[in-house]
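Engineer: Predicted model and sequence below, questions to follow.
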Amino acid sequence: MESSLWLIPLQDYAIMLNLAAALEKEGISVFRFDFSGNGESEGSFEYGSYYRGVDDLHAVIRHFSGENRVVSAILGHSKGGDVVLLYASKYRDIRIVVNVSGRCDTKRNLAERFGEDFMEKIKKEGYIDVKMGPFEFRLTEEELMDHLNMNMREHCRKIDTECRVMTVHGSADDLVPVEDASEFDEIVPNHQLKIIEGADHGYTAHQTELASAVVKFIKSALEEGKVRIRFISSANRRICKPNSTTLRMAHSHSAQNPVIEQRRVIIPNKHGEKLVGLLHEAKSKEIVVLCHGFRSRKDYNTMTNLAAALEKEGISVFRFDFAGNGESEGSFQYGNYYREADDLHAVIQHFSGENRVVSAILGHSKGGNVVLLYASKYQDIRMVINVSGRYDLKRGIAERLGEEFMETIKKDGYIDVKNNTGGVEYRVTEEALMDRLGTDMREACLKIDKECRVLTVHGSADEIIPLEDALEFAKIIPNHQIHIIEGANHGYTLHQTELASAVVKFINSVLEQDKVAPK
């Protein structure tokens with residue numbers, strides 16, 4: 001029996017006190033502390049100093065390990081949210097992380113804090129004296145550079161896939177925009193996102209909702225851990241197929257089916273690359289396959305939420321990483337639409353060989369294009385769901401590659417797409433760009449069999465792919481339905497429930513029609 005302990009940095013802040021009280025009420029021990037240079041702890045305050053905070057946290061965890069206690073989770077608010085994520089990426093010895101209102105882009109909002117000319121001042125004087133409410137401190141050039149060089153995206157990608165992470169954010173956060181939470185959701189593996197409607201940065205009027213979300217997540221994760229440990233203890237007596245690893249996890253979504261089996265499945269594509277996926281086994285013969293979007297993964301929040309909603313209906317689900325993404329082998333390639341359709345074909349062939357029926361394929365964003373292209377090429381699927389796919393693939397390129405992308409790629413043969421710190425995220429070759437520009441969604445969609453039912457779901461407030469694209473699909477695809485979710489953005493940040501409801505309703509409706517249709 002382990003002794004679980006929660007660590008919450010910055011001890012006397014109202015959020016910390018309220019969270020500690022809520023966890024105590026559940027019988028969970030909590031430790032809250034001040035980072036060095038803050039509160040009662042020794043040391044001088046330093047702006048930036050993210051990794052110093054990480055090392056403080058490491059010292060705390062080692063202390064309790066020496067007392068034969070297990071730190072089961074770490075939680076941080078605001079900058080503390082960044083610190084707990086950085087800890088998980090560096091030490092990889094923690095299994096539950098809760099990031100409350102952390103900042104994904106640490107370069108944002110500096111001018112609001114320090115003035116528009118802060119860079120000129122600090123270059124000239126070597127420091128800036130800052131007064132923020134009752135707090136006064138000196139910001140040195142070295143500390144500012146530490147802050148500017150912090151690449152949260154790069155570090156978050158290193159977090160172990162077995163580590164469960166939840167990000168909580170207020171929709172009315174006045175300091176760190178809710179978009180930062182969406183960015184974490186796109187890059188952190190094994191991630192859940194909880195948006196609290198109307199909450200500001202300090203959760204002033206929403207302490208109860210925050211505590212409820214945190215307690216629910218930690219209890220669920222601890223219960224999953226118990227079930228997993230029981231399963232692994234008996235796994236030595238079980239013989240598994242060489243291409244799959246099975247584990248049983250608590251199913252928090254259905255009282256009628258409290259345990260769901262999840263099985264890791266590895267499938268070779270036609271290029272010999274191993275595609276890694278997770279089968280949510282609900283014991284149905286039919287399977288729904290979920291396809292992620294551009295530079296995403298099977299553990300993206302939308303994929304996991306849809307899988308949970310379909311499980312609840314007793315429908316088995318398989319979500320996987322395309323080659324060059326997530327855990328799958330291969331190198332990432334821009335464009336690559338038909339190659340990903342072939343990855344999907346390998347997945348469908350695999351399950352056909354196991355006497356299973358892939359009844360539906362669903363894709364989000366670029367994945368939406370892939371499932372439509374699959375349906376037009378192979379014509380062996382009866383249900384397709386396109387969530388926020390792009391109709392005109394010539395659009396959206398300049399936003400990623402720059403207005404002069406054609407001139408640059410003709411001159412150099414490639415474009416390196418860089419992150420905010422100047423590091424190369426990925427390379428776009430001329431061949432890859434031509435692959436995208438040469439993919440004609442209109443022509444492909446006209447080839448989709450009229451017996452194949454297609455649903456397009458799109459958010460009315462999609463900031464990446466305009467709603468007009470969904471309307472264009474509706475004009476040309478036979479046997480098509482369209483569902484617009486009012487106010488939803490591209491990632492359905494505040495509209496996961498509405499998305500899942502639309503998808504489940506469509507799939508159940510089609511399956512029911514097939515049952516009563518004359519044979």
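Structural biologist: That came through fine.
Engineer: Low-confidence stretches in the stretch 201-350 of the chain?
Structural biologist: Applying pLDDT under 70 to the stretch 201-350 of the chain picks out residues 225-260.
Engineer: Strands along that one, start to end?
Structural biologist: 244-250, 259-268, 274-281, 286-291, 316-320 (DSSP state E, counting those that start in this stretch).
Engineer: out of those, which comes closest to residue 363?
Structural biologist: Nearest to residue 363 among the strands of the stretch 201-350 of the chain is strand 286-291 (3.7 Å), distances taken as Cβ to Cβ. Heads up, the C-betas are built off the backbone N, CA and C, glycines and all.
Engineer: Show me what the closest one is packed against.
Structural biologist: helix 301-312, strand 316-320, helix 337-353, strand 357-364, helix 366-378 (3 or more Cβ pairs under 8 Å, 6 or more residues apart in numbering; DSSP states H and E).
Engineer: Pairing partners for that strand, with directions?
Structural biologist: strand 316-320 (parallel), strand 357-364 (parallel) (DSSP bridges).
Engineer: End to end on stretch 391-409, go ahead and measure it.
Structural biologist: Using Cα to Cα, to the nearest Å, one end of stretch 391-409 lies 24 Å from the other.
Engineer: follow-up on the earlier one: save the helices and strands packed on strand 286-291 as JSON lines, and put in mean neighbour count and distance to residue 404 too.
Structural biologist: Formatted as JSON lines, the helices and strands packed on strand 286-291 follow (neighbours: other Cβ atoms under 10 Å; distance: least, Cβ to Cβ, whole Å):
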{"stretch": "helix 301-312", "mean neighbour count": "22", "distance to residue 404": "33"}
{"stretch": "strand 316-320", "mean neighbour count": "26", "distance to residue 404": "36"}
{"stretch": "helix 337-353", "mean neighbour count": "19", "distance to residue 404": "24"}
{"stretch": "strand 357-364", "mean neighbour count": "24", "distance to residue 404": "30"}
{"stretch": "helix 366-378", "mean neighbour count": "25", "distance to residue 404": "23"}
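Engineer: ok, back up a step: can you say which of the strands paired with strand 286-291 is nearest to residue 127?
Structural biologist: Per Cβ to Cβ, nearest to residue 127 of those: strand 357-364, 46.4 Å.
Engineer: With only the CA atoms kept, save the closest one in PDB.
Structural biologist: Extracted as PDB, the C-alpha positions of strand 357-364 are listed here (Å, rounded to 0.1, in the frame of the first residue of the first chain):
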ATOM      1  CA  VAL A 357     -15.600  -4.800 -39.300                       C
ATOM      2  CA  VAL A 358     -14.400  -1.200 -39.500                       C
ATOM      3  CA  SER A 359     -17.800   0.500 -39.600                       C
ATOM      4  CA  ALA A 360     -16.600   4.100 -39.600                       C
ATOM      5  CA  ILE A 361     -13.500   6.200 -40.000                       C
ATOM      6  CA  LEU A 362     -13.200   9.700 -38.400                       C
ATOM      7  CA  GLY A 363     -10.600  12.300 -38.900                       C
ATOM      8  CA  HIS A 364      -9.900  15.700 -37.400                       C
END
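Engineer: Show me the contact partners of that strand.
Structural biologist: Contacts of strand 357-364 with the rest of the structure, by Cβ atoms under 8 Å, 6 or more residues apart in numbering, involve 285-293, 296, 300, 302-303, 306, 344, 347-348, 351-352, 369-372, 374-375, 381-389, 503, 507, 510-511.
Engineer: That one relative to helix 337-353, how many degrees between them?
Structural biologist: Taking axes from the mean of the first three to the mean of the last three Cα atoms, to 10 degrees, one finds strand 357-364 and helix 337-353 inclined to each other by 150 degrees.
Engineer: So for strand 357-364, mean pLDDT?
Structural biologist: In this model, strand 357-364 has a mean pLDDT of 97.
Engineer: tilt between it and helix 366-378?
Structural biologist: Using the same axes, to 10 degrees, strand 357-364 lies at 140 degrees relative to helix 366-378.
Engineer: Could you export the helices and strands packed on strand 286-291 as a markdown table, including distance to residue 203?
Structural biologist: Converted to a markdown table, those look like this (distance: least, Cβ to Cβ, whole Å):
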| stretch | distance to residue 203 |
| --- | --- |
| helix 301-312 | 21 |
| strand 316-320 | 32 |
| helix 337-353 | 40 |
| strand 357-364 | 30 |
| helix 366-378 | 34 |
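Engineer: which one of the ones you listed lies closest to residue 406?
Structural biologist: Closest approach to residue 406 among those is made by helix 337-353 (19.3 Å; Cβ to Cβ).
Engineer: which helices and strands sit right next to that closest one?
Structural biologist: strand 259-268, strand 274-281, strand 286-291, strand 316-320, strand 357-364, helix 366-378, helix 430-437.
Engineer: Next, format the ones you listed as JSON lines and append distance to residue 107.
Structural biologist: Converted to JSON lines, the helices and strands packed on helix 337-353 look like this (distance: least, Cβ to Cβ, whole Å):
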{"stretch": "strand 259-268", "distance to residue 107": "37"}
{"stretch": "strand 274-281", "distance to residue 107": "33"}
{"stretch": "strand 286-291", "distance to residue 107": "32"}
{"stretch": "strand 316-320", "distance to residue 107": "33"}
{"stretch": "strand 357-364", "distance to residue 107": "28"}
{"stretch": "helix 366-378", "distance to residue 107": "27"}
{"stretch": "helix 430-437", "distance to residue 107": "28"}
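Engineer: coming back round to it: relative to residue 493, which of the strands paired with strand 286-291 is closest?
Structural biologist: strand 357-364 (12.9 Å).
Engineer: Give me the distance from that closest one to the chain's centre.
Structural biologist: Chain-centre distance of strand 357-364: 20 Å, with Cα atoms, centre = their mean, to the nearest Å.
Engineer: Looking at the helices and strands packed on helix 337-353, which is nearest to residue 445?
Structural biologist: helix 366-378 (5.9 Å).
Engineer: Let me have the strands of the stretch 201-350 of the chain in JSON lines, extended by distance to residue 465.
Structural biologist: JSON lines is the format used below for the strands of the stretch 201-350 of the chain (distance: least, Cβ to Cβ, whole Å):
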{"stretch": "strand 244-250", "distance to residue 465": "33"}
{"stretch": "strand 259-268", "distance to residue 465": "29"}
{"stretch": "strand 274-281", "distance to residue 465": "25"}
{"stretch": "strand 286-291", "distance to residue 465": "16"}
{"stretch": "strand 316-320", "distance to residue 465": "21"}
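Engineer: With that, I have no additional questions.
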